[in-house]
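Asks: predicted model, plus sequence, below.
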Amino acid sequence: MKVSVIGTGSMGRGFAARLVKAGHSVGLMGRDAAKAAEVAKAVGAAAVGARDAGKADAIVLAVPYDNAVAALKALGDLDGVPVIDITNPLTADYMGLTIGHTTSAAEEIAGAVPGALLVKGFNTVFAEVLASGRKAEGGRDVPAFLASDSADAKAVAADLARSMGFAVVDAGGLGNARYLEALAGLNIYLGYGAGLGTAITPVWLPLAA
């Protein structure tokens, strides 16, 4: 699949590397073209500009929430394009969310870029977990919670997730991004505030028989 990753931070780099390893054709774009070229070369992706980034089969949005809408609008017409939003609307100290309960980052982005098919996903995955490709305890695949109002876009995101070794969890419609972003906030608190570190992931498990 042809995938554009927007963002060259730890999450963007991790996604590009995992997608390349999974056999996808990956384009990487960032505000700093030189850095994007450097990161792309390091992970085996191609550095691309806005025009080419918007022509992918799917887009991974891996920029801070405050920059998300502008980053997508720079790509041009995204009508019908699946956009996987991994952002979280974090406060400056990363210990809280700036919005929630009645809306979410994903819903705000979808409203600002109405043609794109938004999928909330991977926002509960730490960069360390993404980069390492490690399993959860017991050899379980790390879950990728996916929420979207588009069944087709969610299916694309699910295919990408499985190709990278994630266990797909269908989290319903895009409105449930409100809960996924809150879950990410708790995960961040546990990792940093409670000192558990970032080699952790939220997992729902059935009870033993």
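Replies: Alright, I've got the coordinates.

Asks: could you pull out the strands for this structure?
Replies: 2-6, 25-29, 46-47, 58-61, 82-85, 117-121, 143-148, 167-170 (DSSP state E).

Asks: from the contact counts, what lies against the third one?
Replies: In terms of contacts (3 or more C-beta pairs under 8 Å, 6 or more residues apart in numbering; DSSP states H and E), strand 46-47 is packed against strand 25-29, helix 33-43. Where C-beta positions appear, they are placed from N, C-alpha and C, glycine not excepted.

Asks: next, the contact list for the residue nearest in space to the middle of the chain, please.
Replies: Nearest to the mean C-alpha position of the chain, by C-alpha atoms, centre = their mean, lies Ile86 at 2.8 Å. Listed by C-beta atoms under 8 Å, 6 or more residues apart in numbering, the contact set of Ile86 reads 11, 15, 60-62, 121-123, 125.

Asks: which residue is the nearest non-sequential neighbour of it?
Replies: Phe122 (4.5 Å; C-beta to C-beta, 6 or more residues apart in numbering).

Asks: and that neighbour, how many neighbours?
Replies: 29 (other C-beta atoms under 10 Å).

Asks: OK, contacts around it?
Replies: Phe122 touches 15, 84, 86, 130, 144, 161, 166, counting by C-beta under 8 Å, 6+ apart.

Asks: any idea how many residues pack against the fifth one?
Replies: Taking other C-beta under 10 Å as the neighbour definition, Ala144 ends up with a count of 25.

Asks: quick check: bridge partners of it?
Replies: Val168 (DSSP bridges).

Asks: show me where this structure has its helices.
Replies: Using DSSP state H, the helices assigned to the chain run over residues 10-21, 33-43, 50-53, 65-73, 105-112, 127-132, 151-163, 177-188.

Asks: mind checking how far the residue nearest to the centre of the chain is from Ala208?
Replies: 33 Å (C-beta to C-beta, to the nearest Å).

Asks: equivalent analysis for Met29, please.
Replies: 46 Å.

Asks: before we move on, what about Val113?
Replies: Val113 sits 45 Å away from Ala208, going by C-beta to C-beta.

Asks: so what pLDDT did the residue nearest to the centre of the chain get?
Replies: Looking at Ile86, its pLDDT stands at 98.

Asks: shaky segments in this protein?
Replies: Counting by pLDDT under 70, the chain contains no low-confidence range.

Asks: repeat that with 90
Replies: Scanning the chain for pLDDT under 90 picks out 101, 209.

Asks: so Met29 and Ala208 - more neighbours on which side?
Replies: Neighbours were counted for Met29 and for Ala208 using other C-beta under 10 Å; Met29 has more, 28 against 4.

Asks: next, count neighbours for the residue lying closest to the more buried one once chain neighbours are set aside.
Replies: Spatial nearest neighbour of Met29, excluding adjacent residues (C-beta to C-beta, 6+ apart): Ala53 at 4.4 Å. Residues within reach of Ala53, counting by other C-beta under 10 Å, total 22.
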